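# sequence and predicted structure below; questions after.
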Amino acid sequence: MARIPIYTAQRSLDTDRGGMPRVQADDHLGGALQGLGRSIAALPFGSRREASDDNQPQQSDDNRPQQRQKQRRQSQGNFGKFRAVADTQTALKQGYVKHLESIRPDGADFYDTFSRDIVEPEITKAVAMFPQEEQSTIRDIILGRAEPVLQRAAEMEREQSASFYEAETDRLAAGILDDVDPSPQSFTDARERLGELMNLSVLPKERARQKAAEFDKELAWTAASRIAGNEPGQLLNGMLGFQSPASGGEGGSTTLMNSGDVARSLTGGDEEAARIVERFIMKAFGQSRSAGEAGEAAVTTAAFLAPGRPYQLGDWATETTKPRRGDLVVLPNGGVGLFDRAADDGNSLVLTANRDGIPVLEPYDRQALDFRRVSKIPPEEFARMAETSRMAFGLTEAMTVTEPDPRFLGLSLTGRLALIADVARLVREPPSSYPGSDAPQQSEDEADGGWVVLDDGRRIRRIR
C-alpha cells in the first residue's frame, strides 16, 4: 500500500541521542512563566496579614501559632496554583509533540484537534483540583499561559498546509507539462490547464502569483525543448525572436529593423519599457540600415539589461545631472539601467532587469544614482561591444531580430538568447564533447530519452 508522504514545515523538533523529542519552548513562553508566581500571588485569595476588627487594637505579633499556620496554608495554596499552571504547561508542550505524530499531510484540523483533544482535557483536569469559586480564575490563567503553544499549533497547521498544497501544485503542473508536444495546440491546451490549476490554488496570493509566473516560463522552456528534439532549425530560424543570416534570416519576411519594433521584441511587448529601450537604441546606435545592424544593436542592448553584465562605459556616455529618457544610469550596486523620468520623493524611475532577465521599472533614490548622457557610439566601438555581447550570451555569430512565436513571449530576452545558444551548441557538437566541468550533466534516466541537463539546471532534448 502506498504511504502518504508528510510534508514537513521548515521548523523541526530536536532529538537527543536516544531519539526522544525534546520540546523547544518559545523564548517568550519561558519569560511568561517567570512572571507566573507574581500573577498568582496577586490573586484575591488572601494576604499574609489580615486586618483585625476596627474596634480592636492591631496585633503586631506575627509569630502567634495561629497566624503562622494561616500564612503557611496561604503559601501552600499559592504554590499549588503555580504548580498546577506549570504542570499544565508542560503537559500541553508534551501533548503538542505527541500530536505532531498524527498530523495529516495537508495539516487540516491540526489546531482544532489539538485544542479539543489535548488542551481542553488538560485544563479541565487542572481546574478540577481547586474550589469552585477559584476555578474560573485558574482557567483564565492557564489559558493565558497556553497562548504560545496554541499559536505554535496554528502556525504548524498553516505551514504544513502550504507545504502540502505547493508540492501538490508542482506535481499536477509537472503532469500537465509532460503532455506538451511540439504543436501549438498542445501549448495552448497546457496553458489553459495551468491557468485553471492556479485559479483553484489555495496557496497564499503572492506565492500563487510567483508559481504562475514560474509555470509560464517552464511551459515555454518545455515547448522549446520538444521542438528542439524534433526540428531544432525552427528555433534557430526565428521562432525565439532571433535568427542567423546563414539560415536565411537576412531580409526575411519577419525580420525587424525599425527601432520601435526591435524594442518591443526586447521587452516582450511591454509598451512602457519598449519606449525607454527605443530611446536608448536611437541615441546609442541610431536607426539601423540593415537587419544585421539592428540585430547587433538588439543583442548589445540586451547585454546592458542583463543582470550582472555591466559595461565599462566609453566617451559616448558622459556624466550629467539632467538625464533624459533613454540615458544610462549607474546603480548603487554597480549595475546599469536606463533612465525613464523623475518621480515623487526625490526618486527616479529606472528600467532594469530582474534576476530572470525581465525588464522592470523601479524607483531609486536620485542621490544614489550616477547618470550618463548617451550619444552615438562610434562604429568601431559598437562592433567590439556587439562581439562582446554575443560572447556573453554564448552566441558565435551575428543574429537578426524577428517576431518571436507567441509561445515564447513568456521567456525573458536573456532567456531566449540563452536558449538559442544552447540549441545551436547541441546541433554543432554532441554533449560528450564538452570539456571538463562545463559539460552538461546527464542522468541515467535521461540518457535513453535524449535529455540533457545544462549547467544552470535547465533541461533540453539532445539533438541526434
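Arrived safely, thanks for sending. Numbering: from 1, shown residues only.

# list the contacts for residue 266?
Listed by CB atoms under 8 Å, 6 or more residues apart in numbering, the contact set of residue 266 reads 274, 277, 298, 301-302, 305, 359, 413. In short, each C-beta sits where N, CA and C put it, glycine included.

# just the pLDDT for it.
If you check residue 266, the pLDDT there is 83.

# can you report phi and psi for it?
Residue 266 adopts backbone torsions of phi -70, psi -30, taken as degrees, to the nearest 10.

# ok, back up a step: quick one: which of the contacts of residue 266 sit in helices?
274, 277, 298, 301-302, 305, 413 (DSSP state H).

# before we move on, the earlier item: need the contacts of residue 266 in TSV (columns: neighbour count).
Listed next are these as TSV, based on neighbours: other CB atoms under 10 Å:
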residue	neighbour count
274	22
277	28
298	29
301	24
302	24
305	25
359	23
413	27
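
# which single one of the residues you listed is nearest to residue 79?
The closest of the contacts of residue 266 to residue 79 turns out to be residue 359 (CB to CB; 68.8 Å).

# now the closest one: closest residue in space that isn't a chain neighbour?
Once flanking residues are discounted, residue 359 sits nearest to residue 273: 4.4 Å by CB to CB, 6 or more residues apart in numbering.

# and stretch 68-79, which residues are buried?
Neighbour counts over stretch 68-79 (16 or more other CB atoms under 10 Å) mark 74, 77-78 as buried.

# which intervals of this protein have sub-threshold pLDDT?
1-63, 245-253, 308-312, 356, 426-464 (pLDDT under 70).

# how is it carved up into domains?
Per the record, the chain has its domains at 1-6+71-169, 179-230, 244-423, by automatic domain parsing.

# what are the ranges of the strands in the protein?
Assigned by DSSP state E, the strands in the chain fall at 14-15, 21-22, 242-243, 255-256, 317-320, 328-330, 336-342, 347-353, 359-365, 370-374, 400-402, 451-453, 459-461.

# output these in CSV; the columns should cover distance to residue 181.
Output for these, formatted as CSV (distance: least, CB to CB, whole Å):
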stretch, distance to residue 181
strand 14-15, 49
strand 21-22, 50
strand 242-243, 23
strand 255-256, 28
strand 317-320, 47
strand 328-330, 44
strand 336-342, 39
strand 347-353, 31
strand 359-365, 31
strand 370-374, 45
strand 400-402, 23
strand 451-453, 15
strand 459-461, 12
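
# which of the ones you listed sits closest to residue 197?
When those are compared by CB to CB, strand 459-461 sits nearest residue 197, at 21.0 Å.

# picking up where we left off before, mind putting the buried residues of stretch 68-79 into JSON lines with distance to residue 328?
Shown next, in JSON lines, are the buried residues of stretch 68-79 (distance: CB to CB, whole Å):
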{"residue": "74", "distance to residue 328": "80"}
{"residue": "77", "distance to residue 328": "78"}
{"residue": "78", "distance to residue 328": "74"}
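
# for the domains of the chain, which one ends up most surrounded?
domain 244-423 (a mean of 18; mean count of other CB atoms under 10 Å).

# quick one: it to chain centroid distance?
26 Å (CA atoms, centre = their mean, to the nearest Å).

# how long is that domain end to end?
Using CA to CA, to the nearest Å, the end-to-end distance of domain 244-423 comes to 13 Å.

# same question for stretch 102-113.
10 Å.

# check the offset of it from the chain's centre.
In terms of CA atoms, centre = their mean, the centre of stretch 102-113 is set 25 Å apart from its chain centre.

# and for stretch 163-171?
Counting by CA atoms, centre = their mean, stretch 163-171 comes out at 15 Å from the chain centroid.

# likewise for stretch 221-238?
The chain centroid and the centroid of stretch 221-238 are separated by 29 Å, computed with CA atoms, centre = their mean.

# one more: stretch 114-125?
38 Å.

# what's it in contact with?
Counting contacts by CB under 8 Å, 6+ apart, the residues touching stretch 114-125 from outside are 88, 91-92, 95-96, 98-99, 139, 142-143, 146, 150, 153.

# does residue 376 touch residue 315 like I think?
No - using CB atoms under 8 Å, residue 376 makes no contact with residue 315, being 11.0 Å away.

# let me see the contact set for residue 316.
Counting by CB under 8 Å, 6+ apart, residue 316 touches 284, 374-378, 381.

# let's have the domains of the chain in JSON lines, adding distance to residue 237.
Formatted as JSON lines, the domains of the chain follow (distance: least, CB to CB, whole Å):
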{"stretch": "domain 1-6+71-169", "distance to residue 237": "35"}
{"stretch": "domain 179-230", "distance to residue 237": "11"}
{"stretch": "domain 244-423", "distance to residue 237": "5"}
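
# how about the contacts made by residue 281?
Residue 281 sits next to 259, 262-263, 297-298, 301 when contact means CB under 8 Å, 6+ apart.

# again, but for residue 256
The contact partners of residue 256, taken as CB under 8 Å, 6+ apart, are 262, 265, 291, 294, 400-403.

# ok, the residues you listed vs residue 336, which is closest?
residue 262 (18.9 Å).

# in space, what's closest to residue 84 - neighbours in sequence excluded?
The nearest residue in space to residue 84 (CB to CB, 6+ apart) is residue 126, at 4.7 Å.

# for the one you found, give its distance to residue 147.
Distance of residue 126 to residue 147, given as CB to CB, to the nearest Å: 16 Å.

# ditto for residue 410
Relative to residue 147, residue 410 is positioned 46 Å away (CB to CB).

# repeat for residue 404
Going from residue 404 to residue 147 by CB to CB gives 56 Å.

# residue 225 now?
Separation of residue 225 from residue 147 (CB to CB) stands at 52 Å.

# who does residue 328 bridge with?
Beta bridges link residue 328 to residue 338, residue 372, judged by DSSP bridges.

# got the contact list for it?
280, 304, 313, 317, 336-339, 371-372, 374.

# adding distance to residue 135, write the residues you listed out as JSON lines.
Listed next are the contacts of residue 328 as JSON lines, based on distance: CB to CB, whole Å:
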{"residue": "280", "distance to residue 135": "76"}
{"residue": "304", "distance to residue 135": "73"}
{"residue": "313", "distance to residue 135": "78"}
{"residue": "317", "distance to residue 135": "79"}
{"residue": "336", "distance to residue 135": "71"}
{"residue": "337", "distance to residue 135": "67"}
{"residue": "338", "distance to residue 135": "71"}
{"residue": "339", "distance to residue 135": "71"}
{"residue": "371", "distance to residue 135": "73"}
{"residue": "372", "distance to residue 135": "76"}
{"residue": "374", "distance to residue 135": "79"}
